[in-house]
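Novice: give me a model of this one.
(2 chains)
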Amino acid sequence: DTAVSQTPKYLVTQMGNDKSIKCEQNLGHDTMYWYKQDSKKFLKIMFSYNNKELIINETVPNRFSPKSPDKAHLNLHINSLELGDSAVYFCASRFSGGSETQYFGPGTRLLVL
Amino acid sequence: AQKVTQAQTEISVVEKEDVTLDCVYETRDTTYYLFWYKQPPSGELVFLIRRNSFDEQNEISGRYSWNFQKSTSSFNFTITASQVVDSAVYFCALSENTGNQFYFGTGTSLTVIP
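Specialist: Okay, here's the model as predicted:
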């Protein structure tokens, strides 16, 4: 019944490693997002895909690369992890259009040592 | 410029007190949508309410109520008779009719003291 799911929930890794976070939604939405939430709780949008097409690409280091194999999935790959990448990463989805509500996944807590 | 401003960073109240969380937004669109989300200590982001720009009626849901005023570009959230379970970070957000972006405020951390 999970609407928006993310794996893994926790990720602890060393600096310099490469890691991926996966997101899947079963709501039939056509738009998906990645957000980064730092320790001050600011929610910063990173990327958005609509029907597998990248539509929002905020100022994010190019070590971050999103991939959307289909409209129900949006994965985030991070190369050469840095200490500053430690944060909670949220996936969200909605139907396209300003009136639509965004629904969030449970978050992935990434800790880079 | 920040499209959504939540000026209150942290608020503490004693249980059973009423508390209002402020949200001020900025947009040039005539059609837009406002949202509130709750993030409890467990970390998930929970949708609370959506309001469109043409509906200025106040909304009440149990102990929660929302006051939308276009004249002051505000969409404030009041919790009546607060409870410890209301302790969370609350986010206000704006979605304009065009585009796919959500604009989140910086959040207000509410602590309800027993």
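Novice: please, which helix or strand holds the spatially most central residue of chain A?
Specialist: Centrality entry for chain A: nearest residue to the mean C-alpha point is residue A:34, 3.1 Å, by C-alpha atoms, centre = their mean. Element membership of residue A:34, judged by DSSP states H and E, is strand A:31-37.
Novice: so what touches that strand?
Specialist: For strand A:31-37, contacts defined as C-beta atoms under 8 Å, 6 or more residues apart in numbering or on different chains pick out A:23, A:25, A:43-51, A:55-56, A:66, A:68, A:71, A:73-74, A:76, A:87-96, A:100, A:102, A:107, B:100, B:102. Glycine gets a C-beta too; all of them are placed from N, C-alpha and C.
Novice: and that strand, which strands flank it?
Specialist: Strand A:31-37 pairs in its sheet with strand A:43-50 (antiparallel), strand A:87-94 (antiparallel), by DSSP bridges.
Novice: now do it, average pLDDT.
Specialist: Mean pLDDT, strand A:31-37: 95.
Novice: again, but for stretch B:63-70
Specialist: Across stretch B:63-70, the average pLDDT comes to 95.
Novice: in that stretch, what's buried?
Specialist: Residues of stretch B:63-70 classed as buried by neighbour count (16 or more other C-beta atoms under 10 Å in any protein chain shown): B:64-68.
Novice: go on, stretch B:25-33?
Specialist: Buried, per 16+ other C-beta under 10 Å, within stretch B:25-33: B:25, B:27, B:32-33.
Novice: dump those residues into TSV; add pLDDT and distance to chain A as well.
Specialist: What follows is the buried residues of stretch B:25-33, written out as TSV (pLDDT from 0 to 100; distance: C-beta to the nearest C-beta, whole Å):
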residue	pLDDT	distance to chain A
B:25	97	13
B:27	93	10
B:32	93	7
B:33	94	5
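Novice: quick one: the residue nearest to the centre of chain A and chain B, what's the gap?
Specialist: According to C-beta to the nearest C-beta, to the nearest Å, residue A:34 and chain B sit 12 Å apart.
Novice: bridging residues for that residue?
Specialist: The partner residues for residue A:34, given DSSP bridges, come to residue A:47, residue A:91.
Novice: so which residues on chain A come close to chain B?
Specialist: With C-beta under 8 Å from any C-beta of the partner chain as the criterion, chain A comes near chain B at residues A:31, A:33, A:40-43, A:45, A:48, A:50, A:55-56, A:88, A:90, A:92, A:96, A:98-104, A:106-107, A:109.
Novice: list buried residues within those.
Specialist: Buried members of these, counted by 16+ other C-beta under 10 Å: A:31, A:33, A:43, A:45, A:48, A:50, A:56, A:88, A:90, A:92, A:98, A:100-104, A:106-107, A:109.
Novice: secondary structure added to the buried residues of stretch B:25-33, as JSON lines?
Specialist: Converted to JSON lines, these look like this (DSSP: H, G, I helix; E, B strand; the rest coil):
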{"residue": "B:25", "secondary structure": "strand"}
{"residue": "B:27", "secondary structure": "coil"}
{"residue": "B:32", "secondary structure": "strand"}
{"residue": "B:33", "secondary structure": "strand"}
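Novice: pLDDT at residue B:1, what is it?
Specialist: Residue B:1 carries a pLDDT value of 64.
Novice: which residues of chain B lie near chain A?
Specialist: B:29, B:31-33, B:35, B:37, B:39, B:43-45, B:47, B:50, B:52, B:89, B:91, B:93, B:95-102, B:104, B:106-107, B:109.
Novice: PyMOL command to pick out the buried ones of those residues?
Specialist: The buried residues among the residues of chain B next to chain A can be selected in PyMOL (16+ other C-beta under 10 Å) with this line:
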select buried, chain B and resi 32+33+35+37+39+45+50+89+91+93+95+96+100+101+102+104+106+107+109
